[in-house]
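**Q** sharing a model prediction with you, sequence too.
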Amino acid sequence: MDLTAQFEQAVAESKTLSEKPSNEILLQLYSLFKQGSTGDVDTDPPSNPFDFVAKAKYEAWAGLKGKTKEAAMQEYIDLVKRLKG
């Protein structure tokens, strides 16, 4: 199975985890997903300074700038495997 297919399978599996991951892990999943599917952050930071969730998501994704899509996909796959146990 190629990397993209494994990534798509891991995305599907991440939605059926037996336990909800911590917010820190959820941010990691989000940022790796965005980097793996879109690449470097391509939007402006959230304009509302009190939207802490959007700000955290943006910063997590921006923190992966420069990581290749393939590397992000592989890290996402590995993280989902670890979460599945």
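**A** That came through fine.

**Q** pull the number of nearby residues for Phe33.
**A** Under the neighbour criterion other C-beta atoms under 10 Å, Phe33 is assigned a count of 18. Every C-beta, even on glycine, is put in place using the N, C-alpha and C of the backbone.

**Q** contacting residues around it?
**A** 11, 72, 76 (C-beta atoms under 8 Å, 6 or more residues apart in numbering).

**Q** out of the residues you listed, who has the most neighbours?
**A** Top of the contacts of Phe33 by neighbour count (other C-beta under 10 Å): Tyr76, with 25 neighbours.

**Q** what's the closest non-adjacent residue to that one?
**A** With sequence-adjacent residues excluded and distances taken as C-beta to C-beta, 6 or more residues apart in numbering, Tyr76 is closest to Leu32, at 4.0 Å.

**Q** ok, that neighbour touching Glu75?
**A** Yes - checked against C-beta atoms under 8 Å, the pair Leu32 and Glu75 is within contact range at 5.3 Å.

**Q** and the two? Which one has more around it.
**A** More neighbours surround Leu32 than the other of Leu32 and Glu75, with 26 against 18 (other C-beta under 10 Å).

**Q** what's the helix or strand for that one?
**A** helix 23-37 (DSSP states H and E).

**Q** buried residues in that helix?
**A** For helix 23-37, the neighbour count (16 or more other C-beta atoms under 10 Å) marks 27-29, 31-36 as buried.

**Q** same thing with stretch 8-20?
**A** Buried-residue list, stretch 8-20, by 16+ other C-beta under 10 Å: 10-11, 14.
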